[in-house]
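Student: Quick one, fold the following:
(chains A and B)
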Amino acid sequence: MKATVTVMLKSGVLDPQGEAVKAALGAMGFAGVQGVRQGKVIELDLAPGTTQADVTAMCEKLLANTVIESYRVEMA
Amino acid sequence: MRAAVLVFPGSNCDRDLAVAFRAAGFETHMVWHKDSALPEGIDVVGVPGGFSFGDYLRCGAIAAQAPIMRAVGVHAARGGYVLGVCNGFQVLCETRLLPGVLMRNAGLKFMCRQQGLVVATTDSAFTAAYTPGQRITVPIAHHDGNYAADAETLARLQGEDRIAFRYIDNPNGAMADIAGILSANRRVLGLMPHPERAMEPAQGGSDGAVLLRGLAEALVAA
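Tutor: Sure thing, here's the model as predicted:
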């Protein structure tokens, strides 16, 4: 069992790294980019019996800072 | 007066902070992050600067889960003093002993310079020895010092006079020019500037010494 956790800054929180990437893309001549948000993907290799609720608890306690970040859990 | 300085893998201001505490008159103990208890009779816990756990995941996030932080939470809950400097401020935010979060500097650059600050409140043991509105200079050295919080938290910090220091010429984009904040009971201070690097003229200034000596005086008077 694997879980994929995607952590992104909440909308409305300024993402300076995303802004820098957007500026760089523009400078390279890629005209079609209206916005860039940078986040992170965390892959968890889970032991049998580990549930989505367990992964959610991991997100709340460590993997995301819910003051500024949202997260999404996909189990596969 | 007894101070504890926490040591995490990647802390690099821990010994400087201990030297500063001792210069201010504290008997100072180094405490490893895997310890689950503080030494007896600790008045103030120093959470030092550095790059605890390599700043992996988020600055301070992994250190916030270290065994010693539970003891620090108990210490704070019973009214003990806690001083978090730089990475220590990030750790205190991640443990939720202080509200908000320190994000990547708005200019994306690591900022290392002498920084002008305004003492925004003198209503705390940490800042009582300054004069209200005093302008001081204390070094900063950080990549993630851009303080952010939701509007409600920001309003509460301002309404409760819990902003301890504000930047002059904001170096990192921090909301409301916040360089340091206090807890609701005013006994936990987190700040990005390094008072332990401004203890004597040989370091380029001694404005940081006022903070630690003031704290020592407040503890003696208590």
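Student: For the chain, which segments count as helices?
Tutor: No chain in the question, so chain A it is. Counting by DSSP state H, one finds helices in chain A at the ranges A:16-27, A:52-58.
Student: that's the wrong chain, I meant chain B
Tutor: Using DSSP H, helices in chain B cover B:14-23, B:67-77, B:87-94, B:151-159, B:207-221.
Student: Now do the fourth one: which elements does it pack against?
Tutor: Here helix B:151-159 touches no other helix or strand, going by 3 or more Cβ pairs under 8 Å, 6 or more residues apart in numbering or on different chains; DSSP states H and E. In this view, the C-beta of every residue, glycine as well, is placed from N, C-alpha and C.
Student: Same check on the second one?
Tutor: Using 3+ Cβ pairs under 8 Å, 6+ apart, the elements in contact with helix B:67-77 are strand B:44-47, strand B:81-85.
Student: Can you give the strand pairings for the first one, parallel or anti for each?
Tutor: If I follow you right, that is strand B:44-47. strand B:2-7 (parallel), strand B:81-85 (parallel) (DSSP bridges).
Student: Name the residue of chain A with the shortest distance to chain B.
Tutor: residue A:67 (4.8 Å; Cβ to the nearest Cβ).
Student: Make sure that residue is actually in contact with residue B:149.
Tutor: Yes: Residue A:67 lies in contact with residue B:149 (Cβ atoms under 8 Å); the separation is 7.1 Å.
Student: Common neighbours of these two, please.
Tutor: B:99, B:100, B:101 (Cβ atoms under 8 Å, 6 or more residues apart in numbering or on different chains).
Student: I'd like those as a markdown table, with neighbour count appended.
Tutor: Shown next, in a markdown table, are the shared contacts of residue A:67 and residue B:149 (neighbours: other Cβ atoms under 10 Å in any protein chain shown):
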| residue | neighbour count |
| --- | --- |
| B:99 | 21 |
| B:100 | 22 |
| B:101 | 22 |
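Student: give me the subset of these touching chain A.
Tutor: B:99, B:100, B:101 (Cβ under 8 Å from any Cβ of the partner chain).
Student: Kindly indicate which of those residues lies nearest chain A.
Tutor: Once Cβ to the nearest Cβ is applied, the member of these that ends up nearest chain A is residue B:101, at 4.8 Å.
Student: still on that earlier bit, lowest average pLDDT across the helices of chain A?
Tutor: Out of these, helix A:16-27 stands lowest, with a mean of 92 (criterion: mean pLDDT).
Student: buried ones in that one?
Tutor: A:16, A:18, A:19, A:22 (16 or more other Cβ atoms under 10 Å in any protein chain shown).
Student: now the residue sitting furthest away from the middle of chain A: how far from residue A:20?
Tutor: The C-alpha centroid of chain A is most remote from residue A:29, which lies 26.6 Å away (Cα atoms, centre = their mean). Counting by Cβ to Cβ, to the nearest Å, the gap from residue A:29 to residue A:20 is 17 Å.
Student: How about the lowest-mean-pLDDT helix or strand in chain A and chain B, touching?
Tutor: Within chain A, no helix or strand scores below helix A:16-27, which has a mean of 92 by mean pLDDT, DSSP states H and E. Yes: Helix A:16-27 reaches chain B (Cβ under 8 Å from any Cβ) through A:16, A:17, A:20.
Student: Now tabulate the ones next to chain A among the shared contacts of residue A:67 and residue B:149 in a markdown table and tack on pLDDT.
Tutor: Formatted as a markdown table, those follow (pLDDT from 0 to 100):
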| residue | pLDDT |
| --- | --- |
| B:99 | 98 |
| B:100 | 97 |
| B:101 | 97 |
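Student: of those, closest to residue B:27?
Tutor: residue B:99 (31.3 Å; Cβ to Cβ).
Student: which non-adjacent residue is nearest residue B:116?
Tutor: residue B:168 (3.6 Å; Cβ to Cβ, 6 or more residues apart in numbering or on different chains).
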